[in-house]
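> What follows is a predicted protein model with its sequence.
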Amino acid sequence: MFGLSRFLSSQWPEVITFLMVLGRTSGLMMAAPFWGGRVVPGLIKIVLSTGLSVAIYPLVKTAAAPAGQATGVSMVFLVLALGGEILLGFSLGWSAQVLFSGMRLAGHQIETRMGLSMASLIDPHAGGPTAIFSLMLDLMGTIAFFALNGHHILVHALASSYTFFPLASARLDLFPALVNSAAGIFAIGLQVSAPVVVGLVLSDIVLGVVNRVIPQMNVFLVALPLQFFFGMLLLLFSLPLVGWLLSDRLAAIGSELSARGSVAAGGR
């Protein structure tokens, strides 16, 4: 016990540096697609966060030597710095999570137009009932995310983030960008659902015209199956858009990191 205490005292700067690295990695794991969901047990998240921190720590130790000089620093500063590291990691994961939130929103909009908003399945990610198309688009996005090596891109962005944001360099004026990025959820949801929603609106107009031209026809009897078939057909043809949005969003993570780093560098 005393030997461990003496070791921690002698290696205190390195211990603090590793805890900072672990905080940023843990923040990424909390918000990253798939890993941040409830389907991944907490123990697995802890193991992955610790493993990534061990792998990244040798690179960070030399690049962030001033932050390692933590001897004599107050505990309040260390707690605030650790909180900043967690938020920085969370912002990295959130940059990719925005796409999946937008796709779930698109699925909800499509179901509403197709008259299937009452149908739901259990979503292991959310831990509760979720609309069918929202779950389908979410699972398709997860498959495409790993197929496009999105997990590699996030790990690379995490390692590169120390170039722009050294340890204990987080500032409050950087985090409004995290809040503003939530607008991307609605933009992505609109982009994914627009072809299907517009097509279904046009089909409603056509059915309305048919009802006026042929009053004897029971339009309500054929409207629901026709809208379902037409909506599925439109969704099938718009699926390539999902892959394009995912690849474009993953490519934007690096540019967003560089832009935030430029803001941070300009404010120092």
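Thanks, I have it.

> Mind listing what's buried along the one helix or strand I185 maps to?
Assigned by DSSP states H and E, I185 belongs to helix 183-213. For helix 183-213, the neighbour count (16 or more other CB atoms under 10 Å) marks 184-185, 188-189, 191-193, 196-197, 199-200, 203, 207 as buried. (C-beta placed from N, C-alpha, C; glycine too.)

> Redo the residues you listed as CSV? Include distance to L245.
Below are these laid out as CSV (distance: CB to CB, whole Å):
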residue, distance to L245
G184, 10
I185, 12
I188, 6
G189, 10
Q191, 6
V192, 7
S193, 12
V196, 14
V197, 16
G199, 18
L200, 20
S203, 24
L207, 30
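
> my guess is F90 contacts M30, does it?
Yes: in terms of CB atoms under 8 Å, F90 counts as a neighbour of M30; the distance is 5.9 Å.

> With neighbour numbers in mind, choose between the two.
Higher neighbour count among F90 and M30: F90, with 22 against 17, using other CB atoms under 10 Å.

> Please list all residues in contact with that one.
27-28, 30-31, 178 (CB atoms under 8 Å, 6 or more residues apart in numbering).

> between these, which has the most around it?
Neighbour max across these (other CB under 10 Å) = L28, 29 neighbours.

> For that one, grab phi and psi.
phi -60, psi -40 (degrees, to the nearest 10).

> Next: W35.
phi -60, psi -30.

> In contact with the closest residue to it other than its chain neighbours: list those residues for me.
In space, W35 comes closest to M29 once its chain neighbours are excluded; the distance is 5.2 Å by CB to CB, 6 or more residues apart in numbering. Contact analysis of M29 by CB under 8 Å, 6+ apart lists 35-36, 45, 48-49, 89, 93.

> One more pass at 10 Å, please.
35-36, 40, 42, 44-46, 48-49, 52, 89-90, 93, 154, 158 (CB atoms under 10 Å, 6 or more residues apart in numbering).

> So which residues of the stretch 1-150 of the chain form strands?
Applying DSSP state E, counting those that start in this stretch to the stretch 1-150 of the chain gives strands spanning 120-123, 128-131.

> Specify which member of the contacts of M29 is nearest to R212.
Closest approach to R212 among the contacts of M29 (CB to CB): G36, at 50.5 Å.

> So that closest one sits against I44, correct?
No: when contacts are counted by CB atoms under 10 Å, G36 is not listed as touching I44 (11.8 Å).

> Comparing the two, which residue is more hemmed in?
The residue with more neighbours, out of G36 and I44, is G36; 20 against 12, by other CB under 10 Å.

> for that one, phi and psi?
Torsion angles, degrees, to the nearest 10, at G36: phi -80, psi -10.

> repeat for G37
Dihedral angles for G37 - degrees, to the nearest 10 - are phi -80, psi 170.

> measure it to A31 for me?
Per CB to CB, to the nearest Å, G37 is found 10 Å from A31.

> try L200
33 Å.

> same check, this time on H108
21 Å.

> Kindly report the same for A131.
Relative to A31, and taking CB to CB, A131 is found at 22 Å.

> Identify the residue nearest I153 in space, chain neighbours excluded?
According to CB to CB, 6+ apart, the nearest residue to I153 is L250 (5.2 Å).

> and the one you found, how many neighbours?
With other CB under 10 Å as criterion, L250 counts 21.

> Just the element for it, please.
Per DSSP H and E: L250 is located in helix 219-267.

> Quick check: mean pLDDT of that helix?
Taken as a whole, helix 219-267 has an average pLDDT of 73.
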